[in-house]
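In: Any chance you can model this:
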Amino acid sequence: MEFGDVVRSRKMVRTYTDAPVGPDALERVLAAGVRAPSAGFTQGWGFLVLDTPEQTAKFWDATFPDREARAKFGWPGLLAAPVIVVPFSHRDAYLDRYAEPDKGWEDRDEARWPVPYWHIDTGFAAMAMLLAVVDEGLGALFFGVFNQHVPALRAAFGVPDAFTPIGAITIGHPAPDRPSPSLQRGHRPRDEVIHRGGWNSSADRSPPT
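Out: Coordinates of the predicted model:
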């Protein structure tokens, strides 16, 4: 697909068929993720890839353990996704990298960072995978892993405590889906979010006299 078509076609998919994701397609999606930019070329991320029914079931048992809530879940087809990728950020990798001689910092003080680039860079990788999924003719959903479920997720898959999940990505072949009600909000007008040369939104300007 042309890149513009990929961007315009990208959407969150919450319902999947039972068709498997081809291994070559999955490898291309993962390859896109590891090509994402990262501060200091730290690449402080890790991607947990779950692509068997046993592995994905273990993921849902860790992150969505309430079976009664699952029975009432509005998108049951989400649980049928054949692949789940969990992107993890690794803060210590960045603190270590920027204490190296070529970066000039002599300590690992987290306060030096204006924002947590370990999360941002892992988010870049997740976005690259979401776009690659579209290019493969597949569907994906990025969603959060809530704090109370992180210990169970780590324990289920042996993830070291130093790695933090920024969310999870389901991947599969899209099935007829019920769109999220949030889409009714529509896209915000471009002139409300794009500020050329200064912050010139209508909310910032005084009314004419």
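In: Go through stretch 114-133 and flag the buried ones.
Out: 117-119, 121-133 (16 or more other CB atoms under 10 Å). In this view, the C-beta of every residue, glycine as well, is placed from N, C-alpha and C.
In: So which of those residues is the closest to Asp161?
Out: Using CB to CB, Trp118 is the member of the buried residues of stretch 114-133 that lies nearest Asp161, at 14.3 Å.
In: show me where this structure has strands.
Out: Applying DSSP state E to the chain gives strands spanning 45-50, 83-90, 139-143, 163-165, 168-172.
In: want to throw the ones you listed into CSV with mean neighbour count?
Out: Output for the strands of the chain, formatted as CSV (neighbours: other CB atoms under 10 Å):
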stretch, mean neighbour count
strand 45-50, 19
strand 83-90, 23
strand 139-143, 21
strand 163-165, 21
strand 168-172, 24
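In: out of these, which comes closest to Gly77?
Out: Counting by CB to CB, Gly77 lies closest to strand 168-172 out of the strands of the chain; the figure is 9.1 Å.
In: ok so, going back, quick one: closest of the strands of the chain to Asn200.
Out: strand 139-143 (31.4 Å).
In: what's the closest one packed up against?
Out: helix 117-135, strand 168-172 (3 or more CB pairs under 8 Å, 6 or more residues apart in numbering; DSSP states H and E).
In: hmm, back to that, so can I have CSV of the strands of the chain showing distance to Gln184?
Out: Output for the strands of the chain, formatted as CSV (distance: least, CB to CB, whole Å):
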stretch, distance to Gln184
strand 45-50, 32
strand 83-90, 28
strand 139-143, 18
strand 163-165, 29
strand 168-172, 23
